[in-house]
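Participant: Model the structure of this input:
(one chain, ligands or ions: 1)
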Amino acid sequence: MTSSSGQPGAIAEPKGKLGVLVPGMGAVATTFIAGVEAIRRGLSKPIGSLTQMGTIRLGKRSDKRVPAIKDFVPLASLDDLIFGGWDIRADNCYEVAVHGGVLEQSLLEKVRPFLEGIAPMPAVFDNFYVKRLEGTHVKKGPNKFDLAQQVLADIEQFRKRTGVSRTVMVWCGSTEIFLKPEDVHQTLEKFERGMQENHPGIAPSMIYAYAALKAGIPFANGAPNLTVDIPALTELAKQDSVPICGKDFKTGQTLMKTIIAPGLKARLLGLAGWYSTNILGNRDGEVLDDPESFRTKEESKLSVLEHILQPDLYPDLYKGFYHVVRINYYPPRGDNKEGWDNIDIFGWLGYPMQIKIDFLCRDSILAAPIVLDLVLFMDLAQRCGMRGIQEWLSFYFKSPMHAPAVYPEHDLFIQLMKLKNTLRHLRGEDLITHLGLEYYD
Ligand SMILES: NC(=O)c1ccc[n+]([C@@H]2O[C@H](COP(=O)([O-])OP(=O)(O)OC[C@H]3O[C@@H](n4cnc5c(N)ncnc54)[C@H](O)[C@@H]3O)[C@@H](O)[C@H]2O)c1
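Facilitator: Okay, the predicted model is just below:
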């Protein structure tokens, strides 16, 4: 076994089935679940998934050792995944996927009985935290602590019913209103008292996260909500040796930002402004049409450029650049978002230039492989004895969780290097520095 900090050593094999519990069974969750089933049946390929399609170079370039990641570290097999979750509506995954309109009907028909067999458990929900939704399939209880106990009972029942040997939870629920960390989030004791007293600072997503950690289940947060990113829960994760990570899947426009901005900075090109706007028409777009939920998303999207460009270190290039992010709810587009970026840059002697991006993307298609990778890597992390914040999974997030002493790493290429070096480290392989002088001795 590895030590608690993920030191190299033998990693426990992924024996038995792996449960995947998802609070929020909407477009992303059902695209992920239907996709895994389609891939298991050989109907499609896991495009976009590092765990399924990625490779990792080991040793020198001249060694030519480049195994597939899934052959290098012991990951759970797709055949061993068993799904469950919660939603505020009782529709099964087939009905949700049809309504979502992300996947073609012809594909959905092929996995229909499988999807119809997955129906959500009643949710912990309060319309105060997601103003645009009304829940019909919702738990009742005298206080938030009691609701957490009900989620724990659901988890126990899921484990018994399916016989899974391990479980991971990934929040794919709607974006909640903007909450700031406050006193009730500071310690586990205050948090638990706050749940008993129905403190408004404790959102439903925190209740699921608390229950997951109490049950020893790794928790990943796909939305920008505070959720597990509070001292009370990071402390609980460490104390109970459970991995956590978040926040907010890095998909369309922000993915592009973290690909392009490091390139501009690498060549010391200046930035005067970056204007980003989107139209999308899925339920996520509807929820984000509410200013309070949008604020949570906006904070998450805005922080990226500041951290990559480091204006304090490069004032002549990046001090005071203008950054705007808009999301407009436009139903005709459904899940097929269109994101425009206008980037005003400047070069040698300050001469201005412009870059325009028009990304016709598919939100859930980009998010689904991220969910899969997080499930498999979080399970691996737990089998390696890693606990608390998993910064090496920053690659997948718009607002990566990080230790208080450091700033988050947003550069996609540094994030990928960090991820792969962590895998090398876990396997006792040399880390890759890209120095390369040895080839010319
Ligand atoms: N698709 C992407 O590219 C992407 C990227 C980053 C983040 N996200 C985030 O992922 C989440 C899911 O996105 P989506 O497109 O699937 O949205 P969606 O609206 O289709 O699905 C969200 C689901 O969560 C349910 N829900 C809301 N509150 C809940 C609660 N308390 N408990 C259980 N279920 C609850 C809703 O009923 C809905 O079915 C959103 O928060 C979104 O902002 C998505």
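Participant: Tell me who's in contact with whichever residue of the stretch 1-150 of the chain sits closest to the ligand.
Facilitator: Going by Cβ to the nearest ligand atom, the ligand is nearest to Gly26 of the stretch 1-150 of the chain, at 1.8 Å. C-beta: built from backbone N, CA, C; applies to glycine. Applying Cβ atoms under 8 Å, 6 or more residues apart in numbering, one finds that Gly26 lies in contact with Asp87, Val96, Gly100, Cys172, Gly173, Ser174, Arg283, Asp284.
Participant: Then Pro218?
Facilitator: Pro218 sits next to Val168, Met169, Ala212, Val242, Pro243, Ile244, Met378, Asp379, Ala381, Gln382 when contact means Cβ under 8 Å, 6+ apart.
Participant: so the fifth one makes contact with Glu391?
Facilitator: No: applying Cβ atoms under 8 Å as the test, Pro243 and Glu391 come out as separate, 10.8 Å apart.
Participant: quick one: common contacting residues for these two?
Facilitator: Taking Cβ under 8 Å, 6+ apart as the contact criterion, Pro243 and Glu391 have no common neighbours.
Participant: Tell me which of the two has more neighbours.
Facilitator: Neighbour tally, Pro243 and Glu391, criterion other Cβ atoms under 10 Å: the higher count belongs to Pro243, 28 against 19.
Participant: returning to that earlier point: among the contacts of Gly26, which are in strands?
Facilitator: If you go by DSSP state E, the contacts of Gly26 have Asp87 in strands.
Participant: Throw the contacts of Gly26 into JSON lines and include distance to the ligand, pLDDT and neighbour count, thanks.
Facilitator: Output for these, formatted as JSON lines (distance: Cβ to the nearest ligand atom, whole Å; pLDDT from 0 to 100; neighbours: other Cβ atoms under 10 Å):
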{"residue": "Asp87", "distance to the ligand": "4", "pLDDT": "98", "neighbour count": "28"}
{"residue": "Val96", "distance to the ligand": "7", "pLDDT": "97", "neighbour count": "25"}
{"residue": "Gly100", "distance to the ligand": "6", "pLDDT": "91", "neighbour count": "22"}
{"residue": "Cys172", "distance to the ligand": "5", "pLDDT": "98", "neighbour count": "28"}
{"residue": "Gly173", "distance to the ligand": "4", "pLDDT": "97", "neighbour count": "32"}
{"residue": "Ser174", "distance to the ligand": "4", "pLDDT": "94", "neighbour count": "26"}
{"residue": "Arg283", "distance to the ligand": "3", "pLDDT": "78", "neighbour count": "19"}
{"residue": "Asp284", "distance to the ligand": "4", "pLDDT": "76", "neighbour count": "24"}
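Participant: name the element Trp274 belongs to?
Facilitator: Counting by DSSP states H and E, the element that carries Trp274 is strand 270-280.
Participant: now that strand: how far from the chain's centre is it?
Facilitator: On the basis of Cα atoms, centre = their mean, to the nearest Å, strand 270-280 is displaced by 23 Å from the centre of the chain it belongs to.
Participant: Neighbouring strands - and their directions - for it?
Facilitator: strand 322-329 (parallel), strand 338-346 (antiparallel) (DSSP bridges).
Participant: quick one: is the next helix-or-strand element following the longest one near the ligand?
Facilitator: Which is strand 338-346. Scanning forward in sequence from strand 338-346 by DSSP H and E, the next helix or strand is strand 352-360. No: judged by Cβ under 6 Å from any ligand atom, strand 352-360 stays clear of the ligand, getting no closer than 11.7 Å.
Participant: so strand 352-360 versus strand 270-280, what angle?
Facilitator: Between strand 352-360 and strand 270-280, the angle comes out at 20 degrees (axes from the mean of the first three to the mean of the last three Cα atoms, to 10 degrees).
Participant: contacting residues around the closest residue to Phe346 other than its chain neighbours?
Facilitator: With sequence-adjacent residues excluded and distances taken as Cβ to Cβ, 6 or more residues apart in numbering, Phe346 is closest to Gly270, at 4.3 Å. Counting by Cβ under 8 Å, 6+ apart, Gly270 touches Asp316, Leu317, Tyr318, Ile345, Phe346, Gly347, Gly350.
Participant: Surely Phe32 is in contact with Leu372?
Facilitator: Yes: Phe32 is within contact range of Leu372, at 6.3 Å (criterion: Cβ under 8 Å).
Participant: What's the local residue count around Thr136?
Facilitator: Neighbourhood size, Thr136 [other Cβ under 10 Å]: 11.
Participant: who's in contact with it?
Facilitator: Ile88, Arg89, Ala90.
Participant: cool, and Gly252?
Facilitator: Listed by Cβ under 8 Å, 6+ apart, the contact set of Gly252 reads Asn278, Lys337, Gly339, Phe359, Cys361, Asp363, Leu366.
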